Structures are given as C-alpha cells and as structure tokens.
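> Fold the following, please.
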Amino acid sequence: MKSNKKLKPRTDEHSEGKIRISTQSSQNSSLLEHPIFCFRYLSQEKEYSLSSCQKEQKAAFADTISKLSLLTWQQINSSGRHGSGYEKISKDSMKPSIPSHITDDINLIAFRFCGMAPMIGYKEDAIFRVIWLDKGFKAYKH
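Numbering: from 1, shown residues only. Model (predicted):
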C-alpha cells in the first residue's frame, strides 16, 4: 500500500538544518590526500616574497612543491623535518607580523625548500597555505 504522507526533512535545532563537520574528522580524512598548495596569502614583504627569490631559489621552491605533491599528508607527517617533513613553529617566535586571518587555533609549520631555508605557512585540511619564504633565516629563531 502506498502512503500519501510526505516525509519532512529532518532538522536539528542546534544546527538549523546545516551539516557540521568536526575539524578532527576533517583533519584525519585529509591525511590520505596529497597536499594542495595555496599562495593567496604569500607575503609581499620583500624579505619573504617569491619575487625577491633568486632564480635557483625559485627553482628549488618549485621542485619542493612538486616532490611534496607526490606524497600524502600521512607520508609527509612520518618524514623527518629536514627531509620531506615539516616542523611546527611557535607564533611567538615569528618576527614578521602574523596576518589577521591566522587565528589562535592555527599551527604554523615550515617545510625546507632551498637547502635549509623554510617556507612557512599552515595546513588547512589538505591545503598548505604558504605565507613566508624565509630565504635569509630571519622570520624566526632557528
């Protein structure tokens, strides 16, 4: 028998019908993804910008991004900090001012891109947002 009743969509009072995904499950699911690199917030300060890099530094930057793109975040997490891995950087140790979009809950991390020179930014799901290219090792105490 066919019922004439129509089902109403189920809503949750607290979410007002919106689906919310916890950051924890989102972070865990991104571990199996390959990194995506975003340059939207890359510093334009001369000392930390891409335009102030020398030709070999730009080439090393492109090579590093290419190599990291072949790995998953899980593989990157298990790599050494001076290899394909990264290290966490304290916001308190940063010399350039922290952009306002970087909130307290965001961890800064650094990958090495040219010798030991770090590219500093943060991971958001599978995206790595590059903020500074620290060619002169002046952005934080090393």
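
> contacts and neighbour counts: CA atoms only from here.
Will do.

> what's the single longest helix in this structure?
helix 55-69 (DSSP state H).

> Now do it: which elements does it pack against?
strand 108-114 (3 or more C-alpha pairs under 8 Å, 6 or more residues apart in numbering; DSSP states H and E).

> Show residues contacting the strand it packs on.
Residues outside strand 108-114 that contact it (C-alpha atoms under 8 Å, 6 or more residues apart in numbering) are 57, 60-61, 64, 81-91, 118-123, 135.

> Kindly report the same for stretch 125-142.
26-27, 30-31, 33-43, 47-50, 53, 73, 93-96, 114, 117-123.

> give the contact list for residue 86.
With C-alpha under 8 Å, 6+ apart, residue 86 has these contacts: 76, 77, 79, 80, 109, 110, 111, 112.

> Lowest-confidence one in those?
Least confident entry in these, by pLDDT: residue 80, with 79.

> what's that residue in contact with, if anything?
Here residue 80 is in contact with residue 86 (C-alpha under 8 Å, 6+ apart).

> For the remainder of this discussion, apply numbering that starts at 725.
Fine by me, first position is 725 from now on; the one you just mentioned is residue 804.

> Check the offset of the helix or strand just after the longest helix of the chain from the chain's centre.
Using DSSP states H and E, the helix or strand that follows helix 779-793 in sequence is helix 797-801. Using C-alpha atoms, centre = their mean, to the nearest Å, the distance from the centre of helix 797-801 to the centre of the chain it belongs to is 13 Å.

> Check which residues of helix 797-801 are buried.
Neighbour-count burial for helix 797-801, counted by 16 or more other C-alpha atoms under 10 Å, picks out 797, 798, 799, 800.
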